[in-house]
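> Structure for the following, please:
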Amino acid sequence: MTSQQIRQQFLDYFKEKGHLIVPSAPIVLKDDPTLMFSNSGMTQFKDYFLGYKEPKAPRIADTQKCLRVSGKHNDLDDVGRDTYHHTMFEMLGNWSFGDYFKKEAIGFAWELLTEVYKIPKENLYVTIFEGDASENLERDQDAYDFWKTHIDESRIINGNKKDNFWEMGESGPCGPCSEIHVDLRTDEEKAAVSGLDLVNNDHPQVVEIWNNVFMEFNRKADGSLEKLPAQHVDTGMGFERLCMALQGKKSNYDTDVFTPLIAKVEEISRKKYTGILEDEKDIAIRVVVDHIRAVAFAIADGQLPSNGGAGYVIRRILRRAISYSYRFLGMKEPFLFELVAVLKNEMGEFFPELTKQQKLVTEVIREEENSFLKTIEHGLKRIDLIINETIAKNERTLPGAEVFELYDTYGFPADLSRIIAEEKQLTVDEKGFDEEMEKQKQRSKKSSAQKVHDWVILEEKQEMFVGYDQTETETYITRYRKIENKDGEFYQIVLSKSPFYPEGGGQIGDKGILIPSYTEGFDISNPSLSEVKNCSDLIEVLETRKENNLIVSLIKELPKDAGAVFYAKVNTSERKNTQANHSVTHLLHEALREVLGTHVEQKGSFVGPEYLRFDFSHFSKMSEEELKLVEEKVNSKIKENIALQEFREIPIAEAMEKGAMALFGEKYGDKVRMIQFGTSRELCGGTHVKSTGEIGHFKIQSESSTAAGIRRIEAISGDKSAEYFRNLESQIKEISALLKSKDVAKSVEKLLEENTSLKSEIEAFKKEKSKGETANWINDFTNSGDKKLLVKKVSMDAGSVKDIVFQLKKEIENALIIILSDADGKPMITVGVSQNLEGTYHAGNIVKDLAKEIQGGGGGNPGFATAGGKNPEGLDNAYQKALAL
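The predicted structure is shown next:
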């Protein structure tokens, strides 16, 4: 049975059992502050379990793309070194939201595995929760009783809280779980050691394939448990492990999920995969075929590699694959991008985003490979420098801090540093490396640490967002909670009616104020005529975000009476500029597709009151003509003053029929909001102008590349655009006055010509002066045996010093030249070494050592090197240090 058939059979089975089959959610999460990636099948259903949303159906089944590379669930370091851990994997799951519970879930699992998939019953074991006295939790007797109707009681194993009590995180829905394990060993191996002794003991052939979680509790922030109002079922079966069991393999990598990718790697690298666990070549191949799946799906879902957040995680995974292939497969040129086509052929039918985004995914990976391979080359030179300095000091251990800097700052793999050191019979100061790593972790933890208290519920109510129609409204707080982070203590509040737009879809969240009804001089029934006398009662709304379908606003202090009635007012000045920028991104998107082609798709955006940023797919730099045409098209639509047409609760199928643009990587419901300005139609939840004329004017400020195949436009509109042209006009007037000419362009051209001529004269003068200085400096050398040393302090520019040093190197043998300059108050050190002394002295090493005195750095080759710094006073110390040579 092929992997495609196995997947389809799972979905068909649960469809017959009355489950709604839904597509996988994006692997990248954009609206969940607690997670970067979907790390389990239940992630997209969190709001259902928490009671924030009504499920589409009481029974649902799917196959979900998951990624476990950060936080509590992190399998990255295990990948490649065993047969069954992965970064990206598929989780087959069936779900019950207040419908069936333990009896039916256990019955479904047993029937599918043994009757449909025909796994021998004697190869299966199950675990149940044994209870936990510290939590006052009893043994899951119900699960035990239901299981014993299907399986011999000797195969039902008690499991502890770690293995058999599933929790979503530090807080949230949780409950006991029942795992199903399969024993894939030979009959001889089973006879020698019972499978009972190997369950949950990391045996590669006795593995968990399915976990049935019975959600019946909610973990509060204080650690206590409370019963959920309804009982739910959350199950997850590892697709790759299931394929291993059904295809009779001993490793996930031997299934047809991976073998086509492995065959392609063998073809390109000319290395044969043997499946040996300890073989570094085979480990590298497993790493490559695993990691390419994770990276390709993440990019297809809209997450590009970057230096921060989720993008950094994706870049780290990709660089791990490049590093392994470089070291153990000898791949010095990009090749991972060639695997994308194979992946698309294998998985594109079930995951159409791979097919649609194939070109983008391929180009991004190719560019990342090129970039990181250059980083490796650069790192090899730096590690050579560290090794030479270590040997020069008669030491055999590379400084851990410097190896860590190579890893942390430049992305050079630490393992590669260790291998190179070993080749030179050196070691790495592992303690020093680990200390720097721990410091980095603590810095990261400190910057992101946040303590979140439990919600205090004032009223159980379905909160409303009224911000599309109102920017101020009467309201009250339905719940609040305290949070503590590096910036201090704050409170998050949820309002019964909120006019504040929560950050999302690239648009920043609204700010504003809350006016309590008890404020002196304020009449909440007639707010526009009120005169607030006690401003200390006003509460500033610092930001607004969405969390678990709640609109959460941040305030510094809780009001004196949290149960009072409030008047909420949005900062309309910021909102006005922000929504103008948001509406113009829609017009920009349409114009780019008209000018460049329909391959253009939005890949990210930022919309704030000051400016807008729009990322889109395109494979070359835009020309000035193209930028001008896009600007003209957008401004033409603005001048037309096209009225907004808003479709708030339109079925998604109808919106797509109307030609609405949907963004890959976004999660849409059955009902969506469509924004239309003439021929521009997009699915969007943001706030917008009532007509395009409100935008005023649109001006592109820059166009650049953010990644392979991704371009970025930064632009302004409205008030900021008007301000830009006012400033430009003012600057031109000032320049015109300085030049005493109305023809500014002609006057500047004349100035540039004069400047070029004067520069030529100055350079000629400097060269003449250098010739004279060279003759003077020859007399300043001191002899040390057969060597000659010149240490000199001057106030000359770097170019002149370089000319003189190279002239001296030609004329004088056995010379070591060190020049310390303070031209224009900037300290500079230049070192020259005669060619016949380069084996004894290294200019790059000398200048690096001396540069410490001027708080700077630099480098070069054995014959010539320079360094700049920040501390001119340190030149005296550098001078004395140089004389000691």
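> quick one: low-confidence parts of the stretch 151-300 of the chain?
The model of the stretch 151-300 of the chain has no residue with pLDDT under 70.
> where exactly do the helices run in it?
161-164, 187-192, 239-246, 259-269, 280-300 (DSSP state H, counting those that start in this stretch).
> how about the first one: buried residues?
Yep, that's helix 161-164 we're talking about. 161, 163-164 (16 or more other C-beta atoms under 10 Å). Placement of C-beta: from N, CA and C, glycine included.
> Equivalent analysis for the last one, please.
Within helix 280-300, the residues that qualify as buried by neighbour count (16+ other C-beta under 10 Å) are 281-300.
> now do the fourth one
In terms of neighbour count (16+ other C-beta under 10 Å), helix 259-269 has its buried residues at 259, 261-262, 264-265, 268-269.
> any chance of the helices of the stretch 151-300 of the chain in a markdown table, with distance to Val213 too?
Formatted as a markdown table, those follow (distance: least, C-beta to C-beta, whole Å):
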| stretch | distance to Val213 |
| --- | --- |
| helix 161-164 | 10 |
| helix 187-192 | 29 |
| helix 239-246 | 17 |
| helix 259-269 | 31 |
| helix 280-300 | 24 |
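> For Pro55, find the nearest of those helices.
Pro55 sits nearest to helix 239-246 of all the helices of the stretch 151-300 of the chain, at 22.9 Å, using C-beta to C-beta.
> which ones are touching the closest residue to Arg613 other than its chain neighbours?
In space, and not counting its chain neighbours, Arg613 is closest to Phe606: 4.1 Å by C-beta to C-beta, 6 or more residues apart in numbering. Contacts for Phe606 (C-beta atoms under 8 Å, 6 or more residues apart in numbering) come out as 506, 508, 612-613.
> now swap in Tyr52 and tell me
So Tyr52 contacts 548-550 (C-beta under 8 Å, 6+ apart).
> and if you look at Pro872?
Contact analysis of Pro872 by C-beta under 8 Å, 6+ apart lists 822, 825-827, 854.
> From these, keep the buried residues only.
822, 827, 854.
> Among these, pick out the one closest to Ile106, please.
Closest to Ile106, out of all of those and judged by C-beta to C-beta, is Ile854, at 72.9 Å.
> re earlier: list just the nearest of the buried residues of helix 161-164 to Val116.
Asn164 (25.4 Å).
> Quick check: that closest one vs Trp455, distance?
Going from Asn164 to Trp455 by C-beta to C-beta, to the nearest Å gives 29 Å.
> Please apply the same query to Asp469.
Noted for Asp469: a distance of 28 Å to Trp455, by C-beta to C-beta.
> And Val805, by the same measure?
Counting by C-beta to C-beta - Val805 and Trp455 are separated by 70 Å.
> likewise Tyr476?
Tyr476 is 15 Å from Trp455, by C-beta to C-beta.
> And Met91, by the same measure?
Look at Met91 and Trp455: by C-beta to C-beta, they are 29 Å apart.
> Could you check which of those two is surrounded by more residues?
Set Met91 next to Trp455 and count neighbours by other C-beta atoms under 10 Å: Met91 wins out with 23 against 16.
> Go ahead and confirm that one touches Thr63.
Yes - counting by C-beta atoms under 8 Å, Met91 touches Thr63, with 7.1 Å between them.
> what bridges to Gly512?
Val541, Val570 (DSSP bridges).
> For the host helix or strand of Ala865, output the C-alpha coordinates as PDB.
Using DSSP states H and E, Ala865 falls within strand 864-868. The C-alpha trace of strand 864-868 is given here as PDB (Å, rounded to 0.1, in the frame of the first residue of the first chain):
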ATOM      1  CA  PHE A 864      49.600  44.100   4.500                       C
ATOM      2  CA  ALA A 865      46.800  44.800   6.900                       C
ATOM      3  CA  THR A 866      44.800  47.700   8.300                       C
ATOM      4  CA  ALA A 867      42.500  48.300  11.200                       C
ATOM      5  CA  GLY A 868      40.300  51.200  12.300                       C
END
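> Which is the succeeding secondary structure element to that strand?
Per DSSP H and E, the helix or strand that comes after strand 864-868 is helix 875-883.
> Could you name the helices and strands sitting against that following helix?
Contact here means 3 or more C-beta pairs under 8 Å, 6 or more residues apart in numbering; DSSP states H and E; on that basis helix 875-883 packs against strand 787-794, strand 815-821, helix 843-851.
> any chance of those in TSV, with mean neighbour count too?
Formatted as TSV, the helices and strands packed on helix 875-883 follow (neighbours: other C-beta atoms under 10 Å):
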stretch	mean neighbour count
strand 787-794	18
strand 815-821	24
helix 843-851	22
